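A.B. asks: This is a predicted model, with the sequence first.
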Amino acid sequence: MAVRVGILGATGAVGQRFIQLLEDHPTFELAALTASESSAGKTYKEAAKWRVNTPIPEDVAEMTVTETTPEAVPDGVDLLFSSLPSGVAADVEPGFLEEGYVVSSNSSNDRMAPDVPLTIPEVNPGHLELIEVQREERGWDGALVKNPNCSTITMVPTLAALDQFGLENVNVSTLQAVSGAGYSGVTSMEIIDNAIPHIGGEEDKMETESRKLLGDFDGAELHLHEMDVAASCNRIPTLDGHLENVFAETTEDVSPEEAAEAMREYPSVDLHSSPDQLIHVFEDPGRPQPRMDRERGDGMQISAGGIQKTADGLKYNCLAHNTIRGAAGASVLNGELLVEEGYL
Ligand SMILES: NC(=O)C1=CN([C@@H]2O[C@H](COP(=O)(O)OP(=O)(O)OC[C@H]3O[C@@H](n4cnc5c(N)ncnc54)[C@H](OP(=O)(O)O)[C@@H]3O)[C@@H](O)[C@H]2O)C=CC1
Ligand SMILES: N[C@@H](CC(=O)OP(=O)(O)O)C(=O)O
């Protein structure tokens, strides 16, 4: 079954990744591209400054970009991927949901709303059932699903694997690539020969979203995981791939070997964009590294390594591609889950 999809914010950095990932997708057929008023009416190749490392698909290059309104989206589109700036998304996403669209959104607005599923299909697919609560409370026929922040999604699968040992406190320090800030986010003068020890809003997102992702949904309400999470977020001069140093305290004693096995064996799911193995664990303590490991599993696999014991638990490093697993790929995977679960 082909599902006709659209991209809200299709000309942006994440929008371009969506187009790349949707080329030759077995289920999704791209039928709508939206952006701001200044791009509307132009062909995609005129409107977008294409910066992805594969050519614009020829058919997409000639498609006309429309305004980001429900009326502008052609008939027959059922699923929308959203990569709008979060302030814009907060204003316009509800209009699409009221018109009955299913929206898989990468934008950060509403991620912590109690009736919005924040999902990683391999970690908490059951949270999708919050859609029923959402429809009841908001009175719309559509469905809004969010994927987490790119730094959060890099760490959470590894924590999900360790949760069986009783996660109590988690501290994490990040080394984040410049693409996370968008093409014009940090200037070369700011970042070359430098590191910036602050990324606005990022620490709070890691501290809250991770507890929601690992929380329990009881059929009516979602209860956050009880662990405490403290994050320190840093921008470094890599292009893509967020590397993170995690310190996890557990109630049970766990050896590095047991932790590595738990991560390696943490199950993936049978969806097109999900890697065969969710977490690759390196023996070499010098891995993972952004340049060498971000493309693993077509950018969808999480890498981990350097697992060592601490007084109260473990420390290790993890890494993921921030604009694929951390953004567009995460939304596409959520779209595949929505299809699998019958929401489309
Ligand atoms: N860059 C990244 O790696 C990551 C980004 N994100 C999040 O994804 C979202 C998009 O980020 P990114 O792609 O970098 O952003 P960009 O600025 O590159 O792209 C923004 C997109 O939104 C459109 N847009 C802007 N304003 C409006 C408006 N008023 N009405 C309709 N469309 C509008 C733009 O269209 P136009 O070209 O016409 O201006 C463009 O298509 C953000 O919420 C960001 O926080 C999340 C994870 C990673
Ligand atoms: N803040 C992230 C990217 C981002 O836009 O995150 P979010 O999806 O939470 O808005 C980074 O700079 O790497």
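C.D. replies: In hand now; what should we look at? Ligands and ions are numbered 1, 2, ... in the order given.

A.B. asks: for the stretch 51-200 of the chain, what spans make up the strands?
C.D. replies: Remark: strands assigned in the stretch 51-200 of the chain by DSSP state E, counting those that start in this stretch are 66-67, 79-82, 102-105, 143-146, 167-175.

A.B. asks: Would you map out the domains in the protein?
C.D. replies: 3-149+327-340, 150-321 (automatic domain parsing).

A.B. asks: can you tell which of those is closest to ligand 2?
C.D. replies: Ligand 2 sits nearest to domain 150-321 of all those, at 1.9 Å, using CB to the nearest ligand atom. C-beta: built from backbone N, CA, C; applies to glycine.

A.B. asks: ok, is that closest one in contact with ligand 2 or not?
C.D. replies: Yes. Residues of domain 150-321 contacting ligand 2 under CB under 6 Å from any ligand atom: 150, 176, 180, 181, 199, 202, 205.

A.B. asks: Could you tell me how far the closest residue in space to the second one that isn't next to it in sequence is located from residue 191?
C.D. replies: Okay, so that is residue 176. Leaving aside its sequence neighbours, residue 176 sits nearest to residue 242 (CB to CB, 6 or more residues apart in numbering; 4.8 Å). According to CB to CB, to the nearest Å, residue 242 and residue 191 sit 15 Å apart.

A.B. asks: by contact count, what packs against whatever helix or strand residue 229 lives in?
C.D. replies: Following DSSP states H and E, one finds residue 229 within strand 228-232. Contacts defined by 3 or more CB pairs under 8 Å, 6 or more residues apart in numbering; DSSP states H and E place strand 228-232 against strand 167-175, helix 202-213.

A.B. asks: Point out the one among these that comes closest to residue 225.
C.D. replies: helix 202-213 (4.6 Å; CB to CB).

A.B. asks: Counting neighbours, which bits of that closest one end up buried?
C.D. replies: Within helix 202-213, the residues that qualify as buried are 202, 203, 205, 206, 207, 208, 209, 210, 211, 212, 213, counting by 16 or more other CB atoms under 10 Å.

A.B. asks: rewinding a little: what would the strands of the stretch 51-200 of the chain look like in CSV with mean neighbour count?
C.D. replies: Listed next are the strands of the stretch 51-200 of the chain as CSV, based on neighbours: other CB atoms under 10 Å:
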stretch, mean neighbour count
strand 66-67, 17
strand 79-82, 26
strand 102-105, 24
strand 143-146, 25
strand 167-175, 20
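
A.B. asks: Mind checking what helix or strand follows the strand holding residue 229 in sequence?
C.D. replies: Using DSSP H and E, the helix or strand that follows strand 228-232 in sequence is strand 242-250.

A.B. asks: what inclination does that next one have with respect to strand 167-175?
C.D. replies: 160 degrees (axes from the mean of the first three to the mean of the last three CA atoms, to 10 degrees).

A.B. asks: need the contact list for residue 208.
C.D. replies: 112, 224 (CB atoms under 8 Å, 6 or more residues apart in numbering).

A.B. asks: what sits against residue 135?
C.D. replies: 141, 143.

A.B. asks: Roughly how far does it sit from ligand 1?
C.D. replies: Distance, residue 135 to ligand 1, by CB to the nearest ligand atom, to the nearest Å: 24 Å.

A.B. asks: going forward, begin numbering at 24 instead of 1
C.D. replies: Right, with 24 as the first residue, what we last looked at is residue 158.

A.B. asks: wait, what's in contact with residue 306?
C.D. replies: residue 328.

A.B. asks: What of residue 366?
C.D. replies: Contacts for residue 366 (CB under 8 Å, 6+ apart) come out as 125, 151, 154, 166.

A.B. asks: ok, so of those, who is nearest ligand 1?
C.D. replies: residue 125 (18.4 Å).

A.B. asks: can you count the residues close to the residue of the chain found nearest ligand 1?
C.D. replies: Per CB to the nearest ligand atom, residue 35 is where the chain lies closest to ligand 1, at 1.9 Å. By other CB atoms under 10 Å, 21 other residues sit near residue 35.

A.B. asks: ok so, going back, list of residues touching the strand holding residue 252?
C.D. replies: If you take CB under 8 Å, 6+ apart as the criterion, strand 251-255 is touched by 174, 191-197, 220, 225-226, 229-230, 233-234.

A.B. asks: Kindly report the same for stretch 318-327.
C.D. replies: In contact with stretch 318-327 (CB under 8 Å, 6+ apart) are residues 177, 180-181, 283, 286, 296-305, 310-311, 316, 339-344, 346-348, 352, 356.

A.B. asks: mind listing what's buried in that stretch?
C.D. replies: Buried-residue list, stretch 318-327, by 16+ other CB under 10 Å: 319, 320, 322, 323, 324, 325, 326, 327.

A.B. asks: Greatest separation within the residues you listed: which pair is it?
C.D. replies: Between any two of those, the greatest separation by CB to CB is 16.0 Å, found for 322 and 327.

A.B. asks: residues touching the residue of the chain closest to ligand 1, list them.
C.D. replies: 58, 106, 107, 205.
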